[in-house]
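Participant: Sequence plus the predicted model coming up.
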Amino acid sequence: MNAFRCVRAVGAASSSLLRPSLARTTAAPQSATFPSSMRNMSLLSARRPMLPLTSGPSTLPAPGTTPSSTSQLPAADALDLASRLSAHPAMAGAMQIRCGPRDTYNPSHFVRKRRHGFLSRIRTKKGRKLLMRRLKKGRWNLSH
(Lines give C-alpha, C1' and ligand atoms only; values in the text may rest on other atoms or scores of the structure.)
Protein backbone atom coordinates (compact mmCIF):
# COMPACT_ATOMS: atom_id res chain seq x y z
CA MET A 1 0.00 0.00 0.00
CA ASN A 2 3.05 2.27 -0.05
CA ALA A 3 2.48 2.83 -3.76
CA PHE A 4 -1.10 3.96 -3.06
CA ARG A 5 0.11 6.61 -0.59
CA CYS A 6 2.71 7.74 -3.10
CA VAL A 7 0.09 8.02 -5.86
CA ARG A 8 -2.25 9.99 -3.64
CA ALA A 9 0.46 12.34 -2.33
CA VAL A 10 2.04 13.08 -5.69
CA GLY A 11 -1.37 13.30 -7.40
CA ALA A 12 -2.42 16.03 -4.96
CA ALA A 13 0.87 17.87 -5.46
CA SER A 14 0.64 17.70 -9.25
CA SER A 15 -2.97 18.92 -9.31
CA SER A 16 -2.02 21.98 -7.26
CA LEU A 17 0.73 22.75 -9.79
CA LEU A 18 -1.83 22.86 -12.57
CA ARG A 19 -3.92 25.56 -10.90
CA PRO A 20 -2.83 29.13 -11.68
CA SER A 21 -1.78 31.12 -8.65
CA LEU A 22 -3.17 34.58 -7.87
CA ALA A 23 0.30 36.13 -8.10
CA ARG A 24 0.60 35.05 -11.73
CA THR A 25 -2.84 36.30 -12.76
CA THR A 26 -2.54 39.73 -11.12
CA ALA A 27 0.75 40.56 -12.82
CA ALA A 28 0.66 43.44 -15.30
CA PRO A 29 0.29 42.28 -18.91
CA GLN A 30 3.42 42.69 -20.97
CA SER A 31 3.37 44.42 -24.31
CA ALA A 32 2.92 42.12 -27.29
CA THR A 33 5.39 43.84 -29.58
CA PHE A 34 7.80 41.44 -31.20
CA PRO A 35 10.45 42.15 -33.80
CA SER A 36 9.42 41.27 -37.34
CA SER A 37 12.28 38.80 -37.60
CA MET A 38 10.57 36.48 -35.10
CA ARG A 39 9.41 33.18 -36.52
CA ASN A 40 5.69 32.41 -36.56
CA MET A 41 4.86 29.53 -34.27
CA SER A 42 2.36 26.86 -35.23
CA LEU A 43 0.29 24.54 -33.09
CA LEU A 44 1.14 21.72 -35.48
CA SER A 45 4.30 19.80 -34.85
CA ALA A 46 7.32 20.61 -37.01
CA ARG A 47 8.09 16.89 -37.14
CA ARG A 48 5.18 16.30 -39.49
CA PRO A 49 6.06 15.95 -43.17
CA MET A 50 5.15 18.93 -45.33
CA LEU A 51 3.53 19.01 -48.73
CA PRO A 52 5.04 21.51 -51.17
CA LEU A 53 3.29 24.76 -52.07
CA THR A 54 1.23 24.28 -55.22
CA SER A 55 0.77 27.39 -57.30
CA GLY A 56 -0.59 25.77 -60.46
CA PRO A 57 -4.24 25.11 -61.26
CA SER A 58 -5.97 22.04 -59.94
CA THR A 59 -5.57 18.87 -61.99
CA LEU A 60 -8.67 17.25 -60.52
CA PRO A 61 -12.02 17.49 -62.33
CA ALA A 62 -14.79 19.53 -60.75
CA PRO A 63 -17.06 17.60 -58.36
CA GLY A 64 -20.01 15.94 -60.10
CA THR A 65 -18.35 15.77 -63.50
CA THR A 66 -16.89 12.71 -65.15
CA PRO A 67 -13.40 13.08 -66.58
CA SER A 68 -13.19 12.54 -70.32
CA SER A 69 -10.70 10.13 -71.82
CA THR A 70 -8.53 13.00 -73.09
CA SER A 71 -8.27 14.78 -69.74
CA GLN A 72 -7.47 11.85 -67.46
CA LEU A 73 -4.72 12.12 -64.90
CA PRO A 74 -1.40 10.43 -65.69
CA ALA A 75 -0.81 7.11 -63.91
CA ALA A 76 1.95 8.56 -61.70
CA ASP A 77 -0.27 11.40 -60.49
CA ALA A 78 -3.21 9.08 -59.95
CA LEU A 79 -1.13 6.97 -57.59
CA ASP A 80 0.37 9.92 -55.78
CA LEU A 81 -2.23 10.65 -53.13
CA ALA A 82 -0.32 13.55 -51.60
CA SER A 83 -0.38 15.58 -54.80
CA ARG A 84 -4.07 14.89 -55.26
CA LEU A 85 -4.78 16.08 -51.74
CA SER A 86 -2.71 19.21 -52.18
CA ALA A 87 -4.56 20.06 -55.41
CA HIS A 88 -7.80 20.58 -53.50
CA PRO A 89 -8.63 24.31 -53.36
CA ALA A 90 -9.38 24.22 -49.64
CA MET A 91 -5.85 23.06 -48.98
CA ALA A 92 -3.97 25.58 -51.08
CA GLY A 93 -0.45 26.43 -49.91
CA ALA A 94 2.03 24.43 -47.90
CA MET A 95 0.28 22.07 -45.54
CA GLN A 96 1.16 19.28 -43.22
CA ILE A 97 0.19 15.66 -43.72
CA ARG A 98 -1.90 14.45 -40.80
CA CYS A 99 -0.99 10.78 -40.61
CA GLY A 100 2.39 10.77 -42.32
CA PRO A 101 5.59 9.26 -40.97
CA ARG A 102 7.34 11.21 -38.23
CA ASP A 103 10.84 11.11 -36.84
CA THR A 104 9.87 10.78 -33.18
CA TYR A 105 11.40 7.42 -32.26
CA ASN A 106 14.23 7.83 -29.82
CA PRO A 107 15.40 4.62 -28.10
CA SER A 108 16.69 6.52 -25.09
CA HIS A 109 16.00 5.36 -21.55
CA PHE A 110 15.19 8.94 -20.53
CA VAL A 111 12.62 9.37 -23.29
CA ARG A 112 10.94 6.08 -22.31
CA LYS A 113 10.79 7.22 -18.70
CA ARG A 114 9.40 10.61 -19.68
CA ARG A 115 6.62 9.15 -21.82
CA HIS A 116 5.67 6.02 -19.86
CA GLY A 117 7.21 6.46 -16.41
CA PHE A 118 5.61 6.58 -13.00
CA LEU A 119 5.80 10.37 -12.73
CA SER A 120 4.16 10.84 -16.12
CA ARG A 121 1.36 8.44 -15.12
CA ILE A 122 0.71 10.40 -11.93
CA ARG A 123 0.34 13.72 -13.78
CA THR A 124 -2.87 12.73 -15.60
CA LYS A 125 -6.19 11.42 -14.41
CA LYS A 126 -6.04 8.51 -16.85
CA GLY A 127 -2.51 7.66 -15.69
CA ARG A 128 -3.56 7.61 -12.04
CA LYS A 129 -6.41 5.25 -12.92
CA LEU A 130 -3.95 2.99 -14.74
CA LEU A 131 -1.66 2.90 -11.70
CA MET A 132 -4.58 2.07 -9.44
CA ARG A 133 -5.68 -0.79 -11.73
CA ARG A 134 -2.18 -2.26 -11.74
CA LEU A 135 -1.85 -1.84 -7.97
CA LYS A 136 -5.24 -3.47 -7.40
CA LYS A 137 -4.27 -6.40 -9.63
CA GLY A 138 -1.05 -6.88 -7.64
CA ARG A 139 1.53 -5.97 -10.26
CA TRP A 140 5.06 -5.64 -8.95
CA ASN A 141 5.97 -2.96 -11.49
CA LEU A 142 3.38 -0.22 -11.77
CA SER A 143 5.11 1.46 -14.70
CA HIS A 144 8.56 2.03 -16.25
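Facilitator: Yep, that arrived.
Participant: which regions of this structure lie under the pLDDT threshold?
Facilitator: 1-95 (pLDDT under 70).
Participant: Count the neighbours of Val111 for me.
Facilitator: 13 (other CB atoms under 10 Å). All C-beta atoms are positioned from the backbone trio N, CA, C, and that covers glycine.
Participant: can you pull the contacts of the closest residue to His116 other than its chain neighbours?
Facilitator: Distance criterion CB to CB, 6 or more residues apart in numbering; nearest residue to His116, sequence neighbours excluded, is His144 at 4.7 Å. Going by CB atoms under 8 Å, 6 or more residues apart in numbering, His144 touches Arg112, Lys113, His116, Gly117, Phe118.
Participant: ok, of those, which one's closest to Lys136?
Facilitator: Phe118 (16.2 Å; CB to CB).
Participant: give me phi/psi at that closest one?
Facilitator: phi -60, psi -40 (degrees, to the nearest 10).
Participant: How about it: what's its closest non-neighbour residue?
Facilitator: Phe118 sits nearest to Ser143 (CB to CB, 6+ apart), 4.7 Å away.
Participant: measure the one you found to Thr104 for me?
Facilitator: Separation of Ser143 from Thr104 (CB to CB, to the nearest Å) stands at 20 Å.
Participant: if you count what's nearby, which of those two comes out ahead?
Facilitator: Set Ser143 next to Thr104 and count neighbours by other CB under 10 Å: Ser143 wins out with 16 against 9.
Participant: you'd agree the more buried one is up against Ile122?
Facilitator: No: using CB atoms under 8 Å as the test, Ser143 is too far from Ile122 to be in contact (9.1 Å).
Participant: Give me the common contacts of the two.
Facilitator: Joint contacts of Ser143 and Ile122 (CB under 8 Å, 6+ apart) are Leu131.
Participant: for the host helix or strand of Leu130, packing partners?
Facilitator: In this assignment (DSSP states H and E), Leu130 forms part of helix 125-137. Using 3 or more CB pairs under 8 Å, 6 or more residues apart in numbering; DSSP states H and E as the contact test, the elements touching helix 125-137 are helix 2-18, helix 118-122.
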